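Chemist: predicted structure and sequence below. I'll ask about it afterward.
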Amino acid sequence: MSKTFTLDGREIPFETGQTIMDAALAAAVYIPHLCHNPEFAPHGSCRVCVVDIGGRQVSACTAAASEGLVVDSSSEAIQATRRAILQMLFVEGNHVCPACEKSGACQLQAVAYYTGMLAPHFTHFFPRRPVDASHPDVIIDFNRCILCELCVRASRDHDGKRVFAISGRGLESHLVIDSPSGLLGDSSFAAGDKAAHVCPTGAILPKGRGYETPIGERLYDREPISIVGDVRAHEEEVV
Amino acid sequence: MNASTAVTVEGFVTESLATHGRDPRHLLQHLIRVQQRFSYVPDAAVEALSAALDVTRTQVRAAIAFYAFLHNRPRGAFEIRFSDNITDRMLGSRRLIRLLVERLGLTGLPAWGHDLIRDDGRVSIGLASCTGMCDQGPALLVNGYAVTHLDAQRVDRIADLVQEGILLERWPGEFFRVGNNIRRRGLLLGNPATDSAALHRLVDEGADVALAEVERSGLRGRGGAGFTTALKWRFCREAPGTERYVVCNADEGEPGTFKDRVLLTDYADLVIEGMTVCAGVIGARRGFLYLRGEYRYLLPHLESVLQRRRAEGLLGMSILGADGFDFDIEIHLGAGAYICGEESALIESLEGKRGVTRKRPPFPVTSGFDDQPTVVNNVETFLAAARVVRWGGYWFRGEGTDQSAGSKILSVSGDCARPGIYEYPFGTPVHRVLSDCGAENTQAVQISGAAGATLSPADFDRIIAFEDLPTAGSFMVFDDSRDLLDMVRNFAAFFAHESCGFCTPCRVGGALLRNLIEKVAAGQGSEYDLSEMRRIGAVMRQASYCGLGHTAPNHVLNTLDKFPQIYRRRLARASHTPSFDLDAALSEARALTGRDDVGAHIRVQMPDGSEVSA
Ligand SMILES: Cc1cc2nc3c(=O)[nH]c(=O)nc-3n(C[C@H](O)[C@H](O)[C@H](O)COP(=O)(O)O)c2cc1C
Ligand code: SF4
Ligand code: SF4
Ligand code: FES
């Protein structure tokens, strides 16, 4: 007999070793997430997947599932916390959604819609971050990076390249590239790398393929993320 | 940089590698040495280290950017960092910084993370978070060495020494004198002598007996969280692993805490004995003492204690002649990162990486250093454990309260006649500490550091114990002449600076909070901003990844509740009018201090520049 816990009133089966997120994904129940991607080790940094267990907040992507847990993932209090976290991510970088090539197919934007975030709310930091267009096939716009470290993990754990790392600390934390010049074009990065296809925002984008699908007809324009899931699963269909 | 220096850099790195090894986990230790020698980490060193240790140059650069005491651009030959804790400020540090800046012909003021560097490269002036000298501040670090008891005269003299380029070794020794200021001794401080009796007992009667005594004592960790020490040791002992490690957490980064410094100065043998007993209990062969960079002046002393103990057969192979009881300790230096006191970040840092908190579980007891079972304990915990094994668990239990056995060592600073170290049985009320240290007209006490709780006089009957007011040891006193908003601003800047940056609520929330507080301090805030501060604070508390983010908003939330007037009187558009006259409330303080000038009255600068009385 399989073990279960309760998520928003639903019984979710799980196996020992699974996280709340793993079990929810397997049961096709959506818990919003940005830094999580089941292909990589859980990270727990974005905090968007926060859920409530008996008054204690934990990240669903790192918390182990256990028998009889009562997990709240949809109360207004939890959604408000997630909204605030998303609002923080939006003001930390420079996200100009209407002009962004990723608009409509961006997980950050889709999760924001899901939680009911209507405005960035906090005062913008307007950091000065350059765009790196030095690579022939891929562009990196650091303005849209949310420090989820998915590209870091993909490059290290899948591509075996260690092209990316996070440097600095606090609000000065930023993504850096391992090449003598610090530019992507001088690194060993290739468009075929896993790391080129994991970014949940529009920070890592293929060159020369702009606006192929018109905005308005894109993934999350058609259906909410809670139904269609992560963009990565769909990207692979397109490529 | 010219070619000849590049050669020196490479030569230096080669030598460092030859002396201290090519373990990638020693990266941070190599970087600290390079920084000390060249006043920064030149690119040539980055390249050489990344090639020799097989870490990417990005990882090396990321480490330099992470640690506050490492730089990728030259600092001054004399690198000066003023301690910028609120207690240093209360002792007049800001005025002294200005004085030194002026005397050295620099302009402006350093800010956190932004140093003033003189064009000739002779000197730089920056700030450091609390340097752990709060009982003898204002303090500064020069090339990593602490100078205490600063006053205008001493700062003048420092300016001269810098101008004349006098080598640090020839500066007056008294500048570097660090006092212990032990004011009250209890169970632990009563007797500094060691005859290694705990170690003898361990060897004679076995690890089970030693562990049973620690169990009986009810000893809980002194680093803040208060986890039962015996349980931690037992978990580690029973966890599967090929090696086991003992780590002494001497990071002592919590603002206002300096008791571990005193313990490492006068009680080092007992601390090391405690680590050795732990090693015997859990079966560890290697241990680390993680010493915060601010205490690097203690390095020679600690090395000599280790050396002597090796010679006496108390460390090394077959300790006290016991076959198979092999254990030795290495000292690792930190490089200016408060988060490295958090045990999993500390382990990352021990492994030479950026000090970012690890995902837990697994906890260090099962998967710590090198993913092997590891005990991390505070300095005071190890000292207490050594005493407990010597004199028995009941001896320790005899003091304290139900859930908090034994005594607690406090670091007392701020507005009091006798700042310093006080040891009390757990269960001692706050007012007892205040009267012992000579605090008068106390407006507030900040207990357990910036991450702790702000107490108002209504709390002074409460007791210091895990069941009421837990503390890692910091006890900062604020009398009624102080504007508590200065404290709030200082702590908010501290947390924004010390957030490791890994998770969103702490990284962004901490910066938002700091900015909102500055807005209110500038007289541009409104009631709305105060509710924003509460909202952001709540999100940080609930959703952050580690203890730093969970506790970082405490001081804001506490003062909003207990001292709302420090905010309200500055609001540009208050939707609330105070029901009492604040300025009148200060008349007693004015009478006591004999001051009645304009500055002694509450005035608020309005956004248009005009001043109004509150
Ligand atoms: C942000 C942060 C900073 C910390 N700093 C220290 C420290 O400087 N010294 C310390 O002993 N514990 C510190 N701790 C607590 C440690 O993580 C850990 O609980 C402690 O070292 C365990 O030892 P103990 O059981 O003897 O208290 C800190 C925790 C956090 C979250
Ligand atoms: S570039 Fe994209 S994948 Fe990489 S850290 Fe930034 S947001 Fe995450
Ligand atoms: S709360 Fe998050 S950002 Fe803050 S120190 Fe901990 S892990 Fe780092
Ligand atoms: S998805 Fe769980 S913290 Fe990011």
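Modeler: That came through, no problem. Residues are numbered from 1 along each chain as shown, chains lettered A, B, ... in the order given. Ligands and ions are numbered 1, 2, ... in the order given.
Chemist: ok, A:Val176 - contacts?
Modeler: A:Val176 sits next to A:164-167, A:182, B:58, B:61-62 when contact means CB atoms under 8 Å, 6 or more residues apart in numbering or on different chains. C-betas here are computed from N, CA, C, even on glycine.
Chemist: show me which residues of chain A are close to ligand 4?
Modeler: Counting by CB under 6 Å from any ligand atom, the residues of chain A close to ligand 4 are A:33-36, A:44-49, A:59, A:61.
Chemist: show me the shaky parts of chain A.
Modeler: In the predicted model of chain A, residues A:1, A:211, A:234-239 satisfy pLDDT under 70.
Chemist: related to what we said a few turns ago, who wins for most neighbours among the contacts of A:Val176?
Modeler: A:Phe164 (26 neighbours; other CB atoms under 10 Å in any protein chain shown).
Chemist: the residue nearest to that residue when sequence neighbours are not counted - how many residues pack around it?
Modeler: Residue nearest to A:Phe164 in three dimensions, not counting chain neighbours: A:Val152, with 4.4 Å by CB to CB, 6 or more residues apart in numbering or on different chains. When neighbours are counted by other CB under 10 Å, A:Val152 registers 22.
Chemist: A:Val152: which element?
Modeler: Assigned by DSSP states H and E, A:Val152 belongs to helix A:150-153.
Chemist: that helix: how far from the chain's middle?
Modeler: With CA atoms, centre = their mean, to the nearest Å as the basis, helix A:150-153 stands 11 Å off its chain's centre.
Chemist: which other residues reach it?
Modeler: Helix A:150-153 is contacted by residues A:35, A:37, A:40-41, A:43, A:163-166, A:175, A:195, A:198-200, A:204 when judged by CB under 8 Å, 6+ apart.
Chemist: and if you look at stretch B:144-156?
Modeler: Stretch B:144-156 is contacted from outside by B:36, B:69, B:79, B:93, B:95-96, B:99-100, B:103, B:131, B:133, B:136-141, B:158, B:168, B:175-179, B:293-297, using CB under 8 Å, 6+ apart.
Chemist: go through that stretch and flag the buried ones.
Modeler: Neighbour-count burial for stretch B:144-156, with 16 or more other CB atoms under 10 Å in any protein chain shown as criterion, is recorded at B:144, B:146-150, B:154-155.
Chemist: one more: stretch B:93-112?
Modeler: Neighbour-count burial for stretch B:93-112 [16+ other CB under 10 Å]: B:93, B:96-97, B:99-101, B:104, B:106, B:110, B:112.
Chemist: what about A:Ser181, how many neighbours?
Modeler: Other residues near A:Ser181 number 10, with proximity taken as other CB under 10 Å.
Chemist: that one and B:Asp43, how far apart?
Modeler: In this view, A:Ser181 and B:Asp43 are 12 Å apart by CB to CB, to the nearest Å.
Chemist: list the contacts for the residue nearest the centre of chain A?
Modeler: Residue closest to the average C-alpha location in chain A (CA atoms, centre = their mean): A:Leu34, at 2.4 Å. Neighbouring residues of A:Leu34 by CB under 8 Å, 6+ apart: A:46, A:48, A:89, A:107-108, A:111, A:146, A:148, A:200.
Chemist: most neighbours, which of those?
Modeler: Ranking the contacts of A:Leu34 using other CB under 10 Å puts A:Cys46 first, with 32 neighbours.
Chemist: in JSON lines: the residues of chain A next to ligand 4, plus secondary structure and distance to B:Ile272.
Modeler: Below are the residues of chain A next to ligand 4 laid out as JSON lines (DSSP: H, G, I helix; E, B strand; the rest coil; distance: CB to CB, whole Å):
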{"residue": "A:His33", "secondary structure": "coil", "distance to B:Ile272": "46"}
{"residue": "A:Leu34", "secondary structure": "coil", "distance to B:Ile272": "46"}
{"residue": "A:Cys35", "secondary structure": "coil", "distance to B:Ile272": "41"}
{"residue": "A:His36", "secondary structure": "coil", "distance to B:Ile272": "43"}
{"residue": "A:Gly44", "secondary structure": "coil", "distance to B:Ile272": "36"}
{"residue": "A:Ser45", "secondary structure": "coil", "distance to B:Ile272": "37"}
{"residue": "A:Cys46", "secondary structure": "coil", "distance to B:Ile272": "42"}
{"residue": "A:Arg47", "secondary structure": "coil", "distance to B:Ile272": "40"}
{"residue": "A:Val48", "secondary structure": "coil", "distance to B:Ile272": "45"}
{"residue": "A:Cys49", "secondary structure": "coil", "distance to B:Ile272": "44"}
{"residue": "A:Ser59", "secondary structure": "strand", "distance to B:Ile272": "39"}
{"residue": "A:Cys61", "secondary structure": "coil", "distance to B:Ile272": "41"}
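Chemist: next structured bit after the host helix or strand of B:Phe396?
Modeler: Using DSSP H and E, B:Phe396 sits in helix B:393-397. Going down the chain from helix B:393-397, the next helix or strand is strand B:407-414, by DSSP H and E.
Chemist: what mean pLDDT does that next one have?
Modeler: Mean per-residue pLDDT for strand B:407-414: 98.
Chemist: just stretch B:61-78 next, same as before
Modeler: Here the average pLDDT along stretch B:61-78 is 96.
Chemist: for the helix or strand harbouring B:His301, what does the pLDDT average out to?
Modeler: Following DSSP H and E, one finds B:His301 within helix B:299-311. Averaging pLDDT along helix B:299-311 gives 98.
Chemist: nearest spatial neighbour of residue 222, chain-adjacent residues omitted?
Modeler: Here I'm looking at chain A. A:Val228 (7.8 Å).
Chemist: my question was about chain B, not that one.
Modeler: Take B:Arg222 and drop its neighbours on the chain: the residue closest to it by CB to CB, 6+ apart is B:Glu380, 3.8 Å away.
Chemist: list the contacts for that neighbour?
Modeler: Applying CB under 8 Å, 6+ apart to B:Glu380 gives the contacts B:188, B:222-223, B:259-260, B:263, B:409, B:473.
Chemist: tell me the one of those residues nearest B:Phe369?
Modeler: In terms of CB to CB, no member of the contacts of B:Glu380 lies closer to B:Phe369 than B:Gly223, at 16.9 Å.
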